[in-house]
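[1] Generate coordinates for the sequence data below:
(2 chains, ligands or ions: 4)
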Amino acid sequence: MAENIIIIGGGPCGLEAAKTLRDLGYAPIILEKKQELGGHLRKWDRLFPEGVQAKQVLKELTSGLKGIEWHTSVDIETIEKSRKGYTVTLSTGVSYNSPALLLTNGFKLFPAEKKEEYGYGIYDKVITNADLEQYFAKGKDNVIKKPKTIGFVHCVGSRDEKVGNRQCSKVCCATAVKQACEMKELFPDATIYSFYMDLRLFGRNYEDMYLTAQKKYGIRYIRGRVSEVSEDIDGSLIVKAEDTLLCKPLRLKIDLLVLMTGIVPENSSASLAQQLNIELGEDGFYKPKDTILEPCMAENNGLFMAGACTGPKTIPETLSEARAAAVQIHNYLNKSWISGIL
Amino acid sequence: MRERFLVGFDPFVLPFLCGMVFVLAYCLFYLVRILAQLSAEDRKKFFKSLLLPSNALKNIRDMFLDCLIHVKLWKRNPNLGYMHSSIAFGWFMLIVIGHIETFMYVPGKAGLFYYPIFFRYFMEVDNQELKGSLLFFLMDFFLLIVLSGILLAMIKRIWRRFFGMRRTTRLSITDHIGLYSLWAIFPLRWIAEGFTAGVAGGSFMTIPINMLLKNFMSNPENFNIAWWLYSIALGTFMFALPFSRYMHIPAEILLIPMKRAGLKVYHPRKGFALAQIYTCPSCGVCIDACPMSANKQNCKDTTVYLVRQLKRNNARRMNAMSNKCLMCGKCQEVCQIGLQSYDIRMNIRERARYNIQLKHNYLASYNPDIKQAKVLYYAGCMSSLTPVIGRSIKKLLSIAKVDYTQMDEGGGICCGRPLILAGKKAEAQAMIAKNTEIIKASGASILLVSCAICYRVFKNEYKLSGIRVMHYTEYFNELIKKGKLPITKGNVRYAYHDPCDLGRGCGIYDEPREALSFVGGLAHAEKERAMSVCCGGSIGSLTLNHEDRKPIVEASISNMLYSNPDYIVTACPLCQKTFSMYSPVEVLDFAQALCNGLQEKDVN
Ligand SMILES: Cc1cc2nc3c(=O)[nH]c(=O)nc-3n(C[C@H](O)[C@H](O)[C@H](O)COP(=O)(O)OP(=O)(O)OC[C@H]3O[C@@H](n4cnc5c(N)ncnc54)[C@H](O)[C@@H]3O)c2cc1C
Ligand code: SF4
Ligand code: SF4
Ligand code: SF4
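    Ligands and ions are numbered 1, 2, ... in the order given. Below you'll find the predicted structure:
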């Protein structure tokens, strides 16, 4: 009978790893806390850089799950390590055993309310990148009504020691460029500003996306952090910022402000790490055995991790890691059989 | 009772005598120096206050209660109180009784410093003599008291938890010399007097030890060695005293009348400040009290060590230590001698030179158009960065139908506090002057402030005669009591955090609590009111970064969660922002909490 492998988290990473493990002859079990599989991918509309439909990718990932056991809406109560591997017990009392454990519990979007000076949750016309994706997907929104000026604020909750996050979230620059272009297509008359510290467009074709944004769509990039947002009597927003290239303070009236909330560790990462004795980095993401040679392996035997739970990643990176982790689990189990550990 | 030797002198008294003369000369020199450093005006004030009979009485009372009995320490920590007062008061009584005896029996020797101290060596008593025995009994009794204190002092060094202290001061070399010689003095005295007890009489402490160590003590060769050692211990202590923490013994006698005269610190290590520095006994109470010590590496920057660096005049460390401090005022609040660390640090900051030119010429052209109203609301930069606060306040004001206007809508001038805290008091005056002009021109009778930091400057640095400066906690409490705010009490429990600038800074503790009690229950924090713990976000610190502050903030939050409140409430936007970063329970601003209590029909 095929060996069970427990995967915690049914986002893109967990799904892809499960499929690879199944193809290698195992019987993976995905435990997902939400009602549906798919993770953050469910929230996106189109993906950078080419604008592929997220729905399509999601469909691809969630179909063909034959041979994979998956449970949604689960609540993990305890995880115990034994000589034979791991035992995961749910709050319903059901428990699962497996010789190896894969963590793919992903990330959390930075709660924009924490950056209070930007007024999310206080001013109606301040929304986040995730809200905007929902708007793109649904095509309607109570707040977005023919905005004349739109502002995008980069690095909200990232690269900001004041909120306790020093790291760069990596994907939000590309998302901001993508979303700015999409908005310009929807509202050709709108003036769009993007407030950034640095533009980090590291991936293949990302730079082209940026050039298009400037040349074709005329997005205005302003280097400088937004310091504070307030509401005018007519309900529009007043944004104070500094153009650090021109060394000038700015005050702009804006109809819609989109906050590029970044990637922070999932809430459950800390408690899982504690139960499993995994070290967390200063940024709160899991620390792998070796960041260069063994990015998918924990220090402890039989424990693996992949995807955004070990730091910000794009979907292709996540999927590659998922496959790599699956192969490593396979190798680990083979070796263990030979040396008689299991 | 009679003299054992006619000469009344023995060479063994010399170590003590030299030490005593040295200490007296040193103290006299510094007394003159400190008085000379005072400004002419302060000096006059000081002497005038000294001469006032009512003050003189109070000074004597304070000297007795503070220097000998250590009343403040008793209140904070009875074990520590007993330890200090047993040594101080016991020793004092030994000296007093020594003098009484000398005056009674050998008045001719009363002028000799050493005679009362080594009384037992020079005098013998007949056990039949009631008066003499009684005096000897008293001496032994106080020796016992001092010895018990010394024992506790030893325990404190090894097992400080016995005294409920997490950390004690790390001593300097001279402190160690002073400490060990002090520990040695009284056991040696006991032994020395034990020797004489065999030949010249003693009491319940000295006779038994004589009998116990009969063989050793009946050897006349050991006799003089014991008295020599006792005198050397005394002498060592006296020579170490001016360079150690024991300088607090004479210094406090000067500090008490200086404080009563109401002098002000004008230089970090001269005059009044110098008297304070010498009076600090390095008790270390300020280490545990300091919020910075949540981060162990910051312990070395607490006030007790600042005092040490001030003594050494180490400019680099002095600057670093004063710049790191959160200026929360807690150390001053717990300090038994009331060391004015806030003023001392401000004086250090004011003396630091930076290569920055501040240009304030734009102020002249800034002339905002402000509507005339009864209440002028100043939000300040921090309230602008926390829009919920501004919103809640405006909601409350409009529900209470207050005729108000905002002074810094869409931008205004800083209250000046950040500059003041950076030691730029003179530069801050430009802003203070402009703001004063705007406030006066507005015709308002109340200046309403929602930030504890701004409030402290408006209250203390501005001259706004005729205008009532009110913190929003005071103002809304008044509105509630006048029935202008339709508020109902919910069944949530709020833990109220006293912002440093509002509580210790301006003495406002009751108004916010009273107002909150109209909307919900109050949950006590572990330490509150004057003992409240700084949130850790204070702009008072110029050098602590976010990472250094994290453990400070977390420690402060856990203090607030002491009795499991539903919310933490604060009355300062900076505390609210700081707590929100790490708090597991929601952190509300005072105005937000009041809005929660508004009756439904009034909301919009
Ligand atoms: C604004 C934004 C836009 C993006 N756009 C793109 C894009 O256009 N193109 C691109 O390539 N990438 C994009 N990304 C990145 C992409 O979202 C991530 O790479 C991807 O979601 C990572 O997948 P994951 O499975 O590791 O994590 P997640 O997607 O976070 O999935 C983790 C899953 O684990 C579950 N889980 C968490 N904790 C537990 C627990 N304790 N028990 C059980 N289950 C748990 C969660 O519910 C979730 O379903 C974007 C990211 C952001 C922030
Ligand atoms: S990817 Fe861009 S927006 Fe996101 S945190 Fe990094 S620099 Fe900021
Ligand atoms: S400053 Fe005050 S509390 Fe601190 S060691 Fe000195 S006397 Fe004690
Ligand atoms: S003012 Fe506060 S932070 Fe500064 S030394 Fe005193 S207790 Fe510590």
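
[2] per-residue confidence averaged over the top helix by length along chain A?
    Counting residues, the longest helix found in chain A (DSSP state H) is helix A:315-339. The predicted model assigns helix A:315-339 a mean pLDDT of 91.

[3] is it up against ligand 1 anywhere?
    Yes. On the criterion CB under 6 Å from any ligand atom, helix A:315-339 is in touch with ligand 1 at A:I315, A:P316, A:T318. (Glycine included, C-beta is placed from N, CA and C.)

[4] Quick check, the last one in contact with A:P12.
    Yes. A:T318 is in contact with A:P12 according to CB atoms under 8 Å; the separation is 5.4 Å.

[5] Helix, strand, or coil at B:H176?
    helix (DSSP: H, G, I helix; E, B strand; the rest coil).

[6] Quick one: neighbours of the closest residue to B:N347 other than its chain neighbours, just the number.
    Among residues not flanking B:N347 along the chain, B:P268 sits closest, at 4.4 Å (CB to CB, 6 or more residues apart in numbering or on different chains). Neighbour count of B:P268, defined by other CB atoms under 10 Å in any protein chain shown: 22.

[7] B:P268 belongs to a strand, doesn't it?
    No. B:P268: not assigned to a strand; according to three-state DSSP it is coil.

[8] which ones are touching residue 253?
    Reading this off chain A. When contacts are counted by CB atoms under 8 Å, 6 or more residues apart in numbering or on different chains, A:K253 touches A:T149, A:D232, A:S236, A:L237, A:I238, A:V239.

[9] wrong one, I was asking about chain B
    B:M63, B:C67.

[10] Tell me how far it lies from ligand 1.
    Using CB to the nearest ligand atom, to the nearest Å, B:I253 is found at 66 Å from ligand 1.

[11] re the thing from before, the contacts of A:K253 in strands, which ones?
    If you go by DSSP state E, the contacts of A:K253 have A:T149, A:L237, A:I238, A:V239 in strands.

[12] which stretch of helix or strand covers the nearest residue to the last one once chain neighbours are set aside?
    Take A:V239 and drop its neighbours on the chain: the residue closest to it by CB to CB, 6+ apart is A:L252, 4.8 Å away. Using DSSP states H and E, the secondary-structure element containing A:L252 is strand A:248-254.

[13] what pairs with that strand, and is each one parallel or antiparallel?
    strand A:237-243 (antiparallel) (DSSP bridges).

[14] Show me what residue of chain B gets nearest to ligand 2.
    B:H546 (16.8 Å; CB to the nearest ligand atom).

[15] roughly how far apart are that residue and A:P111?
    B:H546 sits 18 Å away from A:P111, going by CB to CB, to the nearest Å.

[16] do B:G271 as well
    Taking CB to CB, one finds B:G271 at 53 Å from A:P111.

[17] now A:Y193
    In terms of CB to CB, A:Y193 sits 24 Å off from A:P111.

[18] Assumed A:N97 was part of a helix.
    No. Assessed with three-state DSSP, A:N97 is strand; it does not lie in a helix.

[19] for the longest helix of chain A, which positions count as buried?
    For helix A:315-339, a neighbour-count test (16 or more other CB atoms under 10 Å in any protein chain shown) marks A:315, A:317-319, A:321-326, A:328-330, A:332-333, A:336 as buried.

[20] do it and ligand 2 meet at all?
    No. Using CB under 6 Å from any ligand atom, we find that helix A:315-339 stays clear of ligand 2, coming within 13.7 Å at best.

[21] what's in contact with that helix?
    In contact with helix A:315-339 (CB under 8 Å, 6+ apart) are residues A:3, A:5, A:11-17, A:20-21, A:24, A:26, A:41, A:47, A:57, A:99-100, A:102, A:104, A:295-297, A:302, A:304-308, A:310, A:313, A:342.

[22] ok and the residue in the stretch 201-342 of chain A nearest chain B?
    A:E228 (5.6 Å; CB to the nearest CB).

[23] which residues does that residue bridge with?
    Those that pair with A:E228 in a beta bridge, by DSSP bridges, are A:K240.

[24] Quick check: it touching B:S384?
    Yes. With contacts counted by CB under 8 Å, A:E228 reaches B:S384, the gap being 5.9 Å.

[25] Chain B against ligand 4: which residues are in contact?
    Going by CB under 6 Å from any ligand atom, the residues of chain B near ligand 4 are B:289-292, B:302-303, B:325-331, B:341, B:534.

[26] wait, which of the residues you listed is closest to chain A?
    Of all those, chain A sits closest to B:L326, with 16.7 Å by CB to the nearest CB.

[27] Skipping its backbone neighbours, what lies nearest that closest one in space?
    B:S538 (4.1 Å).

[28] Number of residues surrounding that neighbour?
    B:S538, neighbours per other CB under 10 Å, totals 24.

[29] Shouldn't it be within a strand?
    No. B:S538: not assigned to a strand; according to three-state DSSP it is coil.

[30] residue contacts, it?
    Per CB under 8 Å, 6+ apart, neighbours of B:S538: B:L326, B:M327, B:C328, B:C500, B:L574.

[31] Does the last one belong to a helix, a strand or coil?
    Under the three-state scheme (three-state DSSP), the conformation of B:L574 reads as helix.

[32] From B:A289, how far off is it?
    21 Å.

[33] These two: which has the busier surroundings?
    More crowded of B:L574 and B:A289, by other CB under 10 Å: B:L574, with 25 against 21.

[34] In this structure the more buried one contacts B:C381, no?
    No. Between B:L574 and B:C381 there is no contact under CB under 8 Å: 9.9 Å.

[35] Please report phi then psi for the residue positioned nearest the centre of chain B.
    Nearest to the mean C-alpha position of chain B, by CA atoms, centre = their mean, lies B:C335 at 2.3 Å. When quoted as degrees, to the nearest 10, the phi and psi of B:C335 stand at phi -70, psi 130.

[36] show me the contacts for residue 243.
    No chain in the question, so chain A it is. A:I222, A:R223, A:G224, A:P249, A:L250.

[37] Can you look at chain B instead?
    B:F243 neighbours (CB under 8 Å, 6+ apart): B:T174.

[38] Need the per-residue pLDDT for it.
    93.

[39] Then B:R417?
    94.

[40] isn't it right up against B:F458?
    No. Using CB under 8 Å, B:R417 is not in contact with B:F458; the gap is 9.2 Å.

[41] Quick one: low-confidence residue ranges for chain B.
    Counting by pLDDT under 70, chain B shows low-confidence ranges at B:127, B:600-604.

[42] Got the domain ranges for it?
    Domain assignment for chain B by automatic domain parsing gives B:2-41+B:78-250, B:264-352, B:365-477, B:486-603.

[43] any idea how far the residue in the stretch 501-604 of chain B positioned nearest to ligand 1 lies from B:P15?
    The nearest approach of the stretch 501-604 of chain B to ligand 1 comes at B:P584, 18.2 Å away (CB to the nearest ligand atom). Computed with CB to CB, the distance linking B:P584 and B:P15 is 62 Å.

[44] neighbour-wise, which of these two wins?
    Counted by other CB under 10 Å, B:P584 and B:P15 do not tie: B:P15 has more neighbours, with 20 against 8.

[45] more neighbours, B:G271 and A:P111?
    Using other CB under 10 Å as the criterion, B:G271 and A:P111 rank with B:G271 on top: 23 against 14.

[46] Now for the closest residue to the more buried one other than its chain neighbours: which residues touch it?
    Spatial nearest neighbour of B:G271, chain neighbours left out: B:Q37 (4.0 Å); criterion: CB to CB, 6+ apart. With contact taken as CB under 8 Å, 6+ apart, B:Q37 is in contact with B:H267, B:K270, B:G271, B:L274.
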